[in-house]
Each structure stands twice: as C-alpha cells, then as structure tokens.
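[1] any chance you can model this:
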Amino acid sequence: MTTPQEHPALSADEKQRYARHLILPEVGRTGQERLKGASVLCVGSGGLGSPLLLYLAAAGIGTIGIVDGDVVEVSNLQRQVIHGSAWVGRSKARSAAHRIADLNSHCRVEVHDVMLTIDNALELIRPYDVVCDGTDNFPSRYLINDACVLLGKPLVYGSVQRFDGQVSVFNRGPGRPDYRDLLPEPPPAGEVPSCAEAGVMGVLPGLVGLIQATETIKLITGIGDPLDGRLLVVDGLSMRFRELRLERDPDRPAVQGLIDYSQFCRGEVAPMDSISVTALKELLDSGAEDVVLIDVRNQSEADVAVIAGSHLIPLATIRSGEAMEQVRSLAAGCRVFVHCKLGGRSAQAVEVLSQQGIPASNVEGGIDAWAQQVDPTMARY
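    Numbering: from 1, shown residues only. This is a model prediction of the structure:
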C-alpha cells in the first residue's frame, strides 16, 4: 500500500467523479487518494475479472494490471460482461483495457497479454499492492497463492461453479491463512469439473466478483472488516450466504518456491491409450464397423452438440455400474473410444472401464477439440 506522503491529490474532475465516495466518512478524501495511489493486479479478465475490473476502475484505482493470454469467445459473453461481440476472437486483456479506458480515463491500465506461469509470476505480481484471483483452475490458484506468499502480497480469492461461489482474503500478513489452508492438497484430477464442463449461472461470477472488488477496496482504504480468516460461501439457488472460519495451519510446510503446478494438481496419472480427434475422424470416415464412440457427457451438454454416431452414456452411470452392461454390449468385439468435453471425464471413464476389463481409448481434447480441429461449424460451449 502507499504511505500517506505518497497519496496523490485528486483533480477537480476526480472530486466530482468520486463525490459519492468523498462524502462517506469512512472513505473521504484520504481513502479516495489511497485508491488513486494503489495498484491492483487482476489475474484473469473473464467471469470474475469482468465485474472486478469494472468496479475497481469505477472506484478510482490508480493502476490496474490485467493478466490474461486468452481471447474472447462467443460462449464467454453469457457472463464476461466487460467484453462485447466486436471483440470475439481478440485479446481478452486488451478488450478489458479498452472498456476500462472508456469507463474511467483516470485509471492507468497495464496489459499483460500472457498467461501467468512459474516463469513470469513473480515478475508480474511484484509491482502491485494487491492481487485478485479471477482464474478458474487449481494450478493457477496455487501458483497465484504461492507467488503472493513469497512476495508478501495480499490476495483476494474468488471461485464459482454452477450456482455456488466462494470469496476470501488470503495472505494479509505473517501467520494469516492463505489458499493452502483452505485446500492443502488439490482434489484428484478430474474430480471437480471446471465451469466449462459443469456450467455456471451467468450472474454468479458477477456476484462473487463484486464481493472481491469490495474486499479489495476495503484493503486499500483500510476500512471495514476484511474476509481475512473467513470464507464466504454463496448459494445462488437459495440465495444464502454462509461464513466458515479459516485458520493458518502451524504445521503446514512453508512455501519455499514455485513448483510445477500442473503436475502438482494432476498427481500420479496411470498411463492410458489415447487418440487425437483428427485420427478419430479418419477412423470414423474409414467406415470401420468395429469402432464404438462413447460420449460420457450429460444430456444437457449433448443438447448443444454431439459427434454423429456416438452413444451418450454419462460418466455417473458408468461410475455407478448402472450402464456397465450397456457398455459391455457395445464393446463386444469392438474398439472403444471415449470422449467428453475436454478429456478429463473421459479419462476417468477409461480408467473405470479398464478396471472392469473393458479396454478403451481416451479422445484427447474431447468434443471441444473436435469443434476446433475437425468441425468448425459445431457449437462450442
């Protein structure tokens, strides 16, 4: 945070713009100047990053950094409200920066049009006062957390899935909880589906992102009671909020450096046969009669897009054993290939089938890779 001597003065235009803040005794001129003098890095400019960035900019954060190497896709627009249709296929970070410039020209935006990695994380995070996690996967969350711990940066965490969300403030000071106190070890690979696989109610990232923005503003201005040592859990269907206490585990090993987070979250993965979508396409086009393609997604996903000739058998019915006889019947004398959306659930299905004596191959990248590499007309979700 900036020290009192470093607080930049507000211009006449800024005083008018932030008038509703200035008349709040808790914020006032000093708080607004702290916001102007602060720098915040948002990793991700998607569902969570959209409201975060918009409201941080509107609040008058002086410097906002955006780390995102992805591009805007049509399916993003259901929840990533900082982007518009004209930016589809173009840089998310630059799209967000363009919107912020229109919203508040007093904000300095630093665009980092890259993905955060172990090679650049410390360099990118170091100049900022506060870091906000707007990512949607475990490797990124552990990477951001560990980098913030090493650099002594407070981290405002948020996550969403389906109708549920979580928010907390990590690493606020020595001995305070961080993400590893919430989740010491990552869940088994594929056990927790991503939003791309499980779906998310479009407004939920907005709700969670706004809470993240609120916590960030509180940290910078020094007002209120931050979610330090508290995990706020949101149930969007019942519209109920629960609070869980979170304490630092004194026996947990300290973070010593950055690691291979993809491997850390993947764990030990048994080798399995796999096939690319292009090779699968050639096999299907060959007319081979001994090829069976099993789709382990859910019906709601199949309503969006299917690969012709596939058999829809959701993973849950394979795990429970309910569909095992159906699979055995299809597999008799045939080569079995399994796909899902991205390849995670199908890998789990291949493992279960293997345990039941049914050999199968995993389709790499799933139907999403098929849509990109084989059939560009297919709807992506």
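[2] only C-alpha atoms from now on, for both contacts and neighbour counts.
    Will do.
[3] quick one: low-confidence residue ranges for the stretch 251-381 of the chain.
    Along the stretch 251-381 of the chain, the model assigns pLDDT under 70 to residues 267-270.
[4] switch the cut-off to 90
    251-253, 262-263, 265-272, 287-289, 342, 344, 348, 381 (pLDDT under 90).
[5] same deal with the stretch 51-200 of the chain?
    173-175, 187-199.
[6] can you give me the strands in it?
    63-67, 108-112, 130-133, 155-161, 164-170 (DSSP state E, counting those that start in this stretch).
[7] just list what the first one packs against, helices and strands only.
    Other helices and strands packing on strand 63-67, by 3 or more CA pairs under 8 Å, 6 or more residues apart in numbering; DSSP states H and E, are strand 39-43, helix 92-103, strand 108-112.
[8] so which of the ones you listed is the most surrounded?
    Of these, the one with the most neighbours on average (mean count of other CA atoms under 10 Å) is strand 39-43, at a mean of 25.
[9] centre-most residue in this structure?
    Closest residue to the average C-alpha location of the chain: D136 at 1.3 Å, with CA atoms, centre = their mean.
[10] give me the element the residue of the chain most remote from its centre is part of.
    Distance from the centre of the chain peaks at G333, with 41.6 Å (CA atoms, centre = their mean). Using DSSP states H and E, G333 falls within no helix or strand.
[11] for R335, see how far away the residue nearest to it when sequence neighbours are not counted is.
    With CA to CA, 6 or more residues apart in numbering as the criterion, G333 has its nearest non-adjacent residue at 6.9 Å, and that residue is D290. With distances taken as CA to CA, to the nearest Å, D290 is found 6 Å from R335.
[12] do H106 as well
    H106 is 61 Å from R335, by CA to CA.
[13] select the longest helix from the chain.
    Secondary structure assigned by DSSP state H gives helix 204-221 as the longest helix of the chain.
[14] and that helix, what does it pack onto?
    Other elements packing on helix 204-221 under the criterion 3+ CA pairs under 8 Å, 6+ apart are helix 28-37, helix 49-59, strand 130-133, strand 155-161, strand 164-170.
[15] can I get those in CSV including mean neighbour count and distance to A379?
    CSV is the format used below for the helices and strands packed on helix 204-221 (neighbours: other CA atoms under 10 Å; distance: least, CA to CA, whole Å):
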stretch, mean neighbour count, distance to A379
helix 28-37, 23, 43
helix 49-59, 25, 24
strand 130-133, 25, 29
strand 155-161, 26, 21
strand 164-170, 24, 26
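[16] now tabulate those in CSV and tack on distance to L77.
    Listed next are the helices and strands packed on helix 204-221 as CSV, based on distance: least, CA to CA, whole Å:
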stretch, distance to L77
helix 28-37, 29
helix 49-59, 10
strand 130-133, 20
strand 155-161, 16
strand 164-170, 19
